[in-house]
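Asker: structure, please.
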Amino acid sequence: MRPRALEWSVDNCTIGRAMAILGERWTVVVLREVFNGIFRFDDMRVRTGIPRQVLTNRLGVLVDNGILRRVPYREPGARARDEYRLTEKGFDLYPMFVALREWGDRYLADPGGPPLEQVHRGCGARVHATLICEEGHHEIAPRDVVPQPGPGAVRRTPAEV
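Answerer: Take a look at the predicted model:
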């Protein structure tokens with residue numbers, strides 16, 4: 001039996017569009033740094049080893065796409081510079097980073113354990129990514145999720161299928 005997904009176009013796929021912005025390794029590393037409170041260009045460069053031009057380009061992409069915003073600052077006796085802060089659109093990526101970290105912790109951590117934990121500021125307990133539905137069902141297993149065409153789905157013509 002052929003998967004139903006073959007009947008639908010992927011030309012307007014939002015995952016593909018998101019990956020066009022986020023799918024480059026250094027972009028994810030830059031976002032990791034900002035999520036961890038590293039906002040300044042030189043701090044990011046030294047901490048990550050990202051080449052200067054690559055970091056400039058990645059920050060530009062994130063600013064141009066409304067994920068980060070520039071906030072001017074000036075150290076005494078130095079020229080004005082920018083910090084890079086998350087926008088609401090950027091903060092909305094946080095659950096993805098928690099899920100990515102959890103996957104990495106499970107399959108890629110050193111024998112001593114993961115190098116970072118994310119904890120709830122209010123109680124100190126570790127934070128996890130979970131699937132919930134709009135009806136409020138919590139901790140849904142991935143195998144209990146079924147893809148189906150959404151309101152923007154475009155059916156492929158018989159010649160394309």
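Asker: isn't residue 116 right next to residue 101, touching?
Answerer: Yes. With contact defined as CB atoms under 8 Å, residue 116 and residue 101 form a contacting pair (6.9 Å). Any C-beta I mention is one placed from the backbone N, CA and C, and that applies to glycine too.
Asker: the two: which is more packed in?
Answerer: With other CB atoms under 10 Å as the criterion, residue 116 and residue 101 differ in neighbour count, and residue 101 comes out ahead with 21 against 10.
Asker: quick one: what helix or strand has the more buried one in it?
Answerer: Of the helices and strands defined by DSSP states H and E, residue 101 is found in helix 94-108.
Asker: by contact count, what packs against that helix?
Answerer: Helix 94-108 sits against helix 25-35, with contacts defined as 3 or more CB pairs under 8 Å, 6 or more residues apart in numbering; DSSP states H and E.
Asker: what comes up buried for the helix or strand following the helix it packs on?
Answerer: Downstream of helix 25-35, the next assigned helix or strand under DSSP H and E is helix 41-48. Of all the residues in helix 41-48, those buried under the rule 16 or more other CB atoms under 10 Å are 41, 44-45, 48.
Asker: neighbouring contacts of the helix holding residue 101?
Answerer: If you take CB atoms under 8 Å, 6 or more residues apart in numbering as the criterion, helix 94-108 is touched by 28, 31-32, 35, 113-114, 116, 118, 127-129.
Asker: closest to the centroid, which residue in this protein?
Answerer: For the chain, the residue sitting closest to the mean C-alpha position, by CA atoms, centre = their mean, is residue 93 at 4.5 Å.
Asker: and stretch 109-129, which residues are buried?
Answerer: Counting neighbours by 16+ other CB under 10 Å, one finds that the buried residues in stretch 109-129 are residue 118.
Asker: now it: mean pLDDT?
Answerer: Stretch 109-129 shows a mean pLDDT of 95.
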